[in-house]
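Visitor: turn this into a structure:
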Amino acid sequence: MFIGQYNNKMDAKGRISMPVKFRDELGNKFIITRGLDSCLFGYSLLEWQKIESKIKSLPLTKKSARAFQRFFFSGASEVEIDKQGRINIPQSLIEHAKLEKECVVNGVSNRIEIWNKETWNSQLLDSEESFEDIAEELDFEF
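Guide: Numbers count the residues shown, from 1 in each chain. Below you'll find the model as predicted:
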């Protein structure tokens, strides 16, 4: 399980260090793809197989399902953690998430998310302001 928030820097070559606590669970190779809310999602190969199976089961006859499949799979890339603990993020994914030097890597249960730091801070602020309302809407009990 991935939990926690880590501030990282991306270098000029599009490399970012993966938090040590995430490396074992991600494995030496893992999948990153376009995420929702202008971030990137990262999945271990095992978790990716589960997600892939769910998405492939969406009805091909539905236009929204086809669009989602295209969005999700066409952005996917297998990355490898180098000896310094970094991954190289493809340019198309850097552009999708508007990544700059300052990045945030979050653990979100079965996946990691990679965010532009300013975008993350804005998202976090919005969520904090409505956290109780969101919990009530989802009928979530702690």
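
Visitor: measure how buried residue 6 is and give me the count.
Guide: As a burial measure, residue 6 scores 16 neighbours (other C-beta atoms under 10 Å). Where C-beta positions appear, they are placed from N, C-alpha and C, glycine not excepted.

Visitor: top helix in this structure by residue count?
Guide: For the chain, the helix that runs over the most residues, judged by DSSP state H, is helix 117-137.

Visitor: what mean pLDDT does that one get?
Guide: Per-region confidence: helix 117-137 scores 90 on mean pLDDT.

Visitor: check stretch 36-44 too.
Guide: The average pLDDT within stretch 36-44 is 97.

Visitor: centre of the chain versus it, how much separation?
Guide: How far stretch 36-44 lies from its chain's middle: 2 Å, per C-alpha atoms, centre = their mean, to the nearest Å.

Visitor: residues of that stretch that come out buried?
Guide: Neighbour counts over stretch 36-44 (16 or more other C-beta atoms under 10 Å) mark 38, 39, 40, 41, 42, 43, 44 as buried.

Visitor: related to what we said a few turns ago, convert the C-alpha atoms of the longest helix of the chain to PDB, please.
Guide: Below are the C-alpha coordinates for helix 117-137, written out as PDB (Å, rounded to 0.1, in the frame of the first residue of the first chain):
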ATOM      1  CA  LYS A 117       3.800  21.100  -7.000                       C
ATOM      2  CA  GLU A 118       1.600  24.200  -7.600                       C
ATOM      3  CA  THR A 119      -1.200  22.100  -9.100                       C
ATOM      4  CA  TRP A 120      -1.100  19.700  -6.100                       C
ATOM      5  CA  ASN A 121      -1.200  22.600  -3.600                       C
ATOM      6  CA  SER A 122      -4.200  24.000  -5.300                       C
ATOM      7  CA  GLN A 123      -5.900  20.600  -5.400                       C
ATOM      8  CA  LEU A 124      -5.100  20.000  -1.700                       C
ATOM      9  CA  LEU A 125      -6.500  23.400  -0.700                       C
ATOM     10  CA  ASP A 126      -9.700  22.800  -2.600                       C
ATOM     11  CA  SER A 127     -10.100  19.300  -1.000                       C
ATOM     12  CA  GLU A 128      -9.300  20.600   2.500                       C
ATOM     13  CA  GLU A 129     -12.000  23.200   2.200                       C
ATOM     14  CA  SER A 130     -14.600  20.700   1.300                       C
ATOM     15  CA  PHE A 131     -13.300  17.500   3.000                       C
ATOM     16  CA  GLU A 132     -16.300  17.200   5.400                       C
ATOM     17  CA  ASP A 133     -18.800  17.800   2.600                       C
ATOM     18  CA  ILE A 134     -17.100  15.200   0.400                       C
ATOM     19  CA  ALA A 135     -17.100  12.700   3.300                       C
ATOM     20  CA  GLU A 136     -20.800  13.400   3.800                       C
ATOM     21  CA  GLU A 137     -21.600  13.100   0.100                       C
END
